[in-house]
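In: Structure for the following, please:
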Amino acid sequence: MTDSTHSLNAPITPYTLGELESGPPCCVPVPHLQVRNLSVSYHGVKVLSDVSLDVYRGCITALIGPSGCGKSSFLASLNRLTDLLPGAQASGEVLLNGEPTLAAEQDVSRLRLRIGMIFQKPNPFPLSIRRNLELPLLERGIRQKQDINRRIEKVLCDVGLWEEVKDRLQAPAMRLSGGQQQRLCIARALILEPEILLMDEPCSALDPLSSAVVEELVLSLKGRYTVIIVTHNLAQARRIADYAAFFWVSEKSGKLIEFNRCQSLFKQPQHPLTEAYIAGLRG
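Out: Predicted coordinates:
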C-alpha cells in the first residue's frame with residue numbers, strides 16, 4: 001500500500017477554525033455569517049456534522065464535494081428552509097451579523113428576506129414575467145406602481161434580461177429559455193434586496209451557453225452581495241469563487257474537510273482527500 005493510499009484511508013480530521021491560510025485576501029475578510037458546530041439531521045439521522053466556518057461579506061464562497069456530503073443541507077439551514085422539511089433539525093449556531101438565526105424567537109420570514117435562495121432547477125411562477133417580480137414586492141407591502149416599475153427594470157438590468165424581455169413583460173415566464181428562467185429567478189430573489197444569496201447548483205440544469213451567462217451573472221454580484229454557491233463544476237468554482245469549502249462523507253455524515261481561499265485550496269490543498277478529489281481520484 002502506498003503512502004498516499006494510506007493517507008486517504010486514515011481517520012478524517014475535519015477542518016477547524018483558525019486554519020485559514022494567511023496572506024492578502026481577494027476581498028475584505030469581514031464575516032457576514034459565522035457558522036459554529038452546525039449539524040443537520042433528518043428523522044434523527046445526522047447528515048451533516050459540526051461544521052464551523054466564516055462566510056465573508058461581499059465574497060463568493062463555493063461549496064464543493066461529492067453528492068450526498070451535506071452541501072445542500074448546509075445551504076438550506078442558513079435561511080432555515082430546513083424548517084419546512086418534515087423531521088429536519090438543525091443544531092449549533094449560525095450568526096448573521098452577530099444575530100443568532102437558529103434561535104426559536106427568530107423571525108424566519110424576515111430572515112429569508114435577508115438570505116435569498118436559488119434552486120438547481122429554474123422555478124418561475126406560472127405567471128407573466130412581470131408578475132413573477134411584482135408579487136414579491138406586493139407581499140412585502142410595496143404597492144406604488146412607479147416604485148414597482150423602477151425596481152423591476154433595475155433588477156432585470158442587473159441580471160441582463162431587460163433588453164431581452166422589456167417589450168414582452170406580460171408574456172408567460174414559462175416561455176423563456178431555461179437560462180432566462182434561471183436569471184428571472186435570480187432577479188426575483190434580488191428584487192427583495194437580500195444581503196446574502198444562496199445558490200444550489202444554479203447552472204446544472206442549463207446548457208453550456210446558458211450556464212456561462214449565469215456564471216457571469218454570479219460573478220457580477222460579487223461585492224454587492226454575499227454569495228454561497230454549491231457546485232460540482234470544479235472549474236467553475238475556481239473561476240468565480242473567492243473562498244472554497246470542501247465537504248466529504250465520513251461515518252455516514254457530511255463533514256467540512258477543508259476551507260480556504262479558493263486558489264490556495266486548489267493549488268495547495270492541505271488535506272489528502274481534498275487533493276484527491278480535485279485531481280479526480282476520489283468522488
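
In: Give the ranges of residues in the stretch 101-250 of the chain that sit below the confidence cut-off.
Out: Applying pLDDT under 70 to the stretch 101-250 of the chain picks out no residues at all.

In: so where do the helices sit in it?
Out: Taking DSSP state H, counting those that start in this stretch, the helices of the stretch 101-250 of the chain run over residues 108-114, 129-139, 145-158, 162-165, 178-190, 208-220, 234-240.

In: Export the ones you listed to JSON lines and append columns for mean neighbour count and distance to residue 200.
Out: The C-beta positions use only the backbone N, C-alpha and C, and glycine is treated the same way. Compiled in JSON lines, those are given as follows (neighbours: other Cβ atoms under 10 Å; distance: least, Cβ to Cβ, whole Å):
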{"stretch": "helix 108-114", "mean neighbour count": "14", "distance to residue 200": "15"}
{"stretch": "helix 129-139", "mean neighbour count": "19", "distance to residue 200": "19"}
{"stretch": "helix 145-158", "mean neighbour count": "15", "distance to residue 200": "20"}
{"stretch": "helix 162-165", "mean neighbour count": "14", "distance to residue 200": "24"}
{"stretch": "helix 178-190", "mean neighbour count": "23", "distance to residue 200": "12"}
{"stretch": "helix 208-220", "mean neighbour count": "16", "distance to residue 200": "12"}
{"stretch": "helix 234-240", "mean neighbour count": "18", "distance to residue 200": "14"}
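
In: right, and the secondary structure at residue 73 would be what?
Out: helix (DSSP: H, G, I helix; E, B strand; the rest coil).

In: wait, what's in contact with it?
Out: Counting by Cβ atoms under 8 Å, 6 or more residues apart in numbering, residue 73 makes contact with 40, 47, 48, 82, 254.

In: and residue 95, what is it in contact with?
Out: By Cβ under 8 Å, 6+ apart, the neighbours of residue 95 are 33, 34, 35, 36, 101.

In: Residue 83 belongs to a helix?
Out: Yes: per three-state DSSP, residue 83 lies within a helix segment.

In: Since that was my last question, I'll sign off now.
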